[in-house]
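Engineer: Fold the following for me, if possible:
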Amino acid sequence: MISIGIGEIQKNISIFKNITEALQIVDKRKKEVLAIVYPVKQKSVVKNLSGKYKNRIQKNDLSLEEIKEISIMKTMKEKYGLSS
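Structural biologist: As a prediction, the model looks like this:
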């Protein structure tokens, strides 16, 4: 969260145009928070979090239950040598 004073807003009102994260407006004399401004359009953080591994993930249409069942069967095969 970015903290700015009232004077900074008066000097440069275009701060509000390009904010990408929450903005905290502070009265520096009284040392109290006057307002918190959130951006209307938030950028997705998924691409930033996935990093270099984003292209390695296989996309599929399986449900969570089907994925769990497949992983359990593979684990059982490895552990106990079972065949399906």
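
Engineer: Show me which positions of the helix of greatest length in the chain end up buried.
Structural biologist: Of all the elements of type helix in the chain, the one with the most residues (DSSP state H) is helix 64-80. Using 16 or more other C-beta atoms under 10 Å as the test for burial, helix 64-80 gives no buried residues. C-beta: built from backbone N, CA, C; applies to glycine.

Engineer: Pull the distance from that helix to the chain's centre.
Structural biologist: Average the C-alpha atoms of helix 64-80, do the same for its chain, and the two points are 30 Å apart (C-alpha atoms, centre = their mean, to the nearest Å).

Engineer: Then stretch 72-84?
Structural biologist: On the basis of C-alpha atoms, centre = their mean, the separation between the geometric centre of stretch 72-84 and that of its chain is 36 Å.

Engineer: pLDDT (mean, whole number) over the longest helix of the chain?
Structural biologist: Summarised as a single mean, pLDDT over helix 64-80 is 90.

Engineer: and the closest residue in space to M1 that isn't next to it in sequence, how many neighbours?
Structural biologist: Among residues not flanking M1 along the chain, A22 sits closest, at 4.6 Å (C-beta to C-beta, 6 or more residues apart in numbering). Applying other C-beta atoms under 10 Å, we find 13 residues neighbouring A22.

Engineer: Got phi/psi on A22?
Structural biologist: Its backbone dihedrals place A22 at phi -60, psi 140, with angles given as degrees, to the nearest 10.

Engineer: surely it meets V33?
Structural biologist: No: counting by C-beta atoms under 8 Å, A22 stays clear of V33, with 11.5 Å between them.

Engineer: for stretch 18-28, what is the average pLDDT?
Structural biologist: Averaging pLDDT residue by residue across stretch 18-28 gives 87.

Engineer: Can you show me the helices along this protein?
Structural biologist: Chain-ordered helices for the chain, with DSSP H as the definition, fall at 6-11, 46-50, 64-80.

Engineer: want to throw the ones you listed into TSV with distance to Y38?
Structural biologist: Converted to TSV, the helices of the chain look like this (distance: least, C-beta to C-beta, whole Å):
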stretch	distance to Y38
helix 6-11	16
helix 46-50	19
helix 64-80	32
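
Engineer: what's the closest of those helices to K28?
Structural biologist: Ranking those by distance to K28, with C-beta to C-beta as the measure, places helix 6-11 first at 7.9 Å.
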